[in-house]
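Asker: coordinates for the following, if possible.
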Amino acid sequence: MISVWALACLWIQLAGFHFWADAQAVVCRVKVLSDLEGEIVGRVGSDGTSREGCAWHIYPGLSLRAIEFHLLEPAHFEGSDRLIVYGSGNMHPATRVATFHRGNPIPPGMMMTGTSEAMLVLNGQNNESFIRLGYSCRPIGTRIGDMWFSPVGYACVLAAFIVVGFAISLMPVYLVCYCKARRAQDLVMQESQLMMRSELASRFRQNEAVRAQERQVVASLEALPIQKWKDEEGRRRSTNECCLCLEAYGDEDMLRVLPCGHYFHQACIDKWFFANRFIPRSCPLCKRDPVLMILSRADAPAGQDEEAVPAERPSSSGDGAPRSLAGDADFVIGRPQEAWVA
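Answerer: Here you go, the predicted structure:
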C-alpha cells in the first residue's frame, strides 16, 4: 500500500517537472532572408527565451561570391549565450563556421566565402544578450535591372540581345531587298503575261490563216467539175469501178474529175479530201496535189501549158466518137488515166 503511494507521488513529481520543462522550452522559427541586403536583430527575452529572433537563414537563391557581415551596434553576450554561424542551411556541426560569445566577440566586419547561403542561430539564456548585424550578399554574375544573371546566363542574354539587334539592323536591308525582288517578280510576271498574250495572238492569227487557207482549198476542191457516168460498150471493165469504194460505176453516177485526169465517185473523193483536212490533198492514184495543179496551170503563161492529153469520158455519143468527160473544155493536165484510152 505504501509502495503504491510512493509510486503515485513520484509520477506526480515527474509530470510536474515535465510541465515546467515544457514551459521553459524555446519555440523558435527560422526566418528566411531572401534579400541581397538586410538586417539581423536578435534579443533574448526577460524570461530567458529568445522572442524577437533566434535563427536566420540567408538564402537569396543566387550563386554568391561572398556574404559580408558588419556590426550595426556592438553585440553583447551574457553568461553562456552565443551566436553560431553555419555555412549552409542545415545546423550540422560539420558546416559550423564560427561561434561568437562573451570571450569571442563579433568583429566589426567579416566575410563568408565559398557558399551561397548561411544560417545564424542565437542561443541565449540571459535577457541582456543582444545582437544587431547587417549583411550584404555579392552574387556571381552581372546585374541587369533588378535581376542578377550568372556568367552563362549573362552570355545567353547578351547573345540574345546581339542577335535581336543584328536582326533589327538587317530589317531595312531585308525590306529593300524584298521590295526589289517583288518588283522584279512583278516585272517578270508582266513580261510573261505580255509574251503569253503575244503568243496567243500569234497562234490565233496563224490559226485564222490556216482556216482561211483551208477554206480556199475546200472551195477549190468543191469547184472541180462533176459529170455523170454513162457506160460505153467495148471499154475495159477495169476502168469502170471507183478505186476508193471498189464499186463499179453505174448509170447516172456523179463523178468528180481531178486536174490529173483521174475521176472518182463524188461522195468517195469528197470523203477522201475531208479525211485529210488541214494537210495537202493528193490524188489517191497519182499522189499529185490537185490544188497545186490548178494554181500552177492558172499561173502558167499562155502557150506554155504542161503536157496535156484530153481525157476521154467513159461514155460516147451516138456516133461513137470519144469525147472529153468535161465536155469540150480541156481541164486535164498530164497524161490521162490508162483506162481512158480506147
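
Asker: which residues in the chain form helices?
Answerer: 2-24, 151-222, 266-275, 290-299 (DSSP state H).

Asker: between the ones you listed, which one is closest to V32.
Answerer: helix 151-222 (23.4 Å; C-beta to C-beta). In this view, the C-beta of every residue, glycine as well, is placed from N, C-alpha and C.

Asker: for the closest one, packing partners?
Answerer: Under the contact criterion of 3 or more C-beta pairs under 8 Å, 6 or more residues apart in numbering; DSSP states H and E, helix 151-222 touches strand 142-144, helix 266-275, helix 290-299.

Asker: for the first one, which helices and strands make contact with it?
Answerer: By that I understand strand 142-144. Short answer (3+ C-beta pairs under 8 Å, 6+ apart): strand 142-144 packs on strand 147-149, helix 151-222.

Asker: let me see the backbone angles for I279.
Answerer: When read as degrees, to the nearest 10, the backbone of I279 gives phi -130, psi 160.

Asker: what is the burial count for it?
Answerer: With neighbours defined by other C-beta atoms under 10 Å, the count for I279 comes to 9.

Asker: and Q227, what are its bridge partners?
Answerer: With DSSP bridges as the criterion, Q227 is bridged to L255.

Asker: ok, the closest residue to L120 other than its chain neighbours - contacts?
Answerer: The shortest distance from L120 to any non-neighbouring residue, by C-beta to C-beta, 6 or more residues apart in numbering, is to W56 (4.6 Å). Applying C-beta atoms under 8 Å, 6 or more residues apart in numbering to W56 gives the contacts 30-31, 33, 40, 42, 119-120.

Asker: can I get those residues in CSV including pLDDT and neighbour count?
Answerer: Supplementary listing: the contacts of W56 in CSV, determined by pLDDT from 0 to 100; neighbours: other C-beta atoms under 10 Å:
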residue, pLDDT, neighbour count
V30, 84, 15
K31, 88, 14
L33, 91, 20
I40, 91, 19
G42, 85, 23
M119, 91, 22
L120, 91, 26
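
Asker: wait, which of those residues is closest to I269?
Answerer: L33 (116.7 Å).

Asker: from T115, how far out is the closest one?
Answerer: 14 Å (C-beta to C-beta, to the nearest Å).

Asker: can you tell me the closest non-neighbouring residue to L71?
Answerer: Closest to L71 by C-beta to C-beta, 6+ apart is P108, at 5.1 Å.

Asker: ok, now K31?
Answerer: Once flanking residues are discounted, K31 sits nearest to W56: 5.2 Å by C-beta to C-beta, 6+ apart.

Asker: ok, the one you found to P105 distance?
Answerer: Per C-beta to C-beta, W56 is found 19 Å from P105.

Asker: on that earlier part again, and the residue nearest to K31, what pLDDT?
Answerer: pLDDT recorded at W56 is 91.

Asker: picking that back up, going by mean pLDDT, which of the helices and strands packed on helix 151-222 comes out lowest?
Answerer: Looking at the helices and strands packed on helix 151-222, the bottom one is strand 142-144 with a mean of 77.

Asker: so what strands line up beside it?
Answerer: Strand pairing (DSSP bridges) places strand 142-144 next to strand 147-149 (antiparallel).

Asker: and the strand it pairs with, how far from the chain's centre?
Answerer: 39 Å (C-alpha atoms, centre = their mean, to the nearest Å).

Asker: ok, now stretch 122-131?
Answerer: On C-alpha atoms, centre = their mean, the centre of stretch 122-131 falls 73 Å from that of its chain.

Asker: export the helices and strands packed on helix 151-222 to TSV and tack on distance to C156 and mean neighbour count?
Answerer: As requested, the helices and strands packed on helix 151-222 are arranged in TSV below (distance: least, C-beta to C-beta, whole Å; neighbours: other C-beta atoms under 10 Å):
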stretch	distance to C156	mean neighbour count
strand 142-144	12	13
helix 266-275	82	16
helix 290-299	87	15
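
Asker: I'd like the ones you listed as TSV, with distance to Y135 appended.
Answerer: Formatted as TSV, those follow (distance: least, C-beta to C-beta, whole Å):
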stretch	distance to Y135
strand 142-144	18
helix 266-275	110
helix 290-299	115
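
Asker: so which of those is nearest S202?
Answerer: helix 290-299 (25.6 Å).

Asker: which other helices and strands contact the closest one?
Answerer: Against helix 290-299 (3+ C-beta pairs under 8 Å, 6+ apart) you get helix 151-222.
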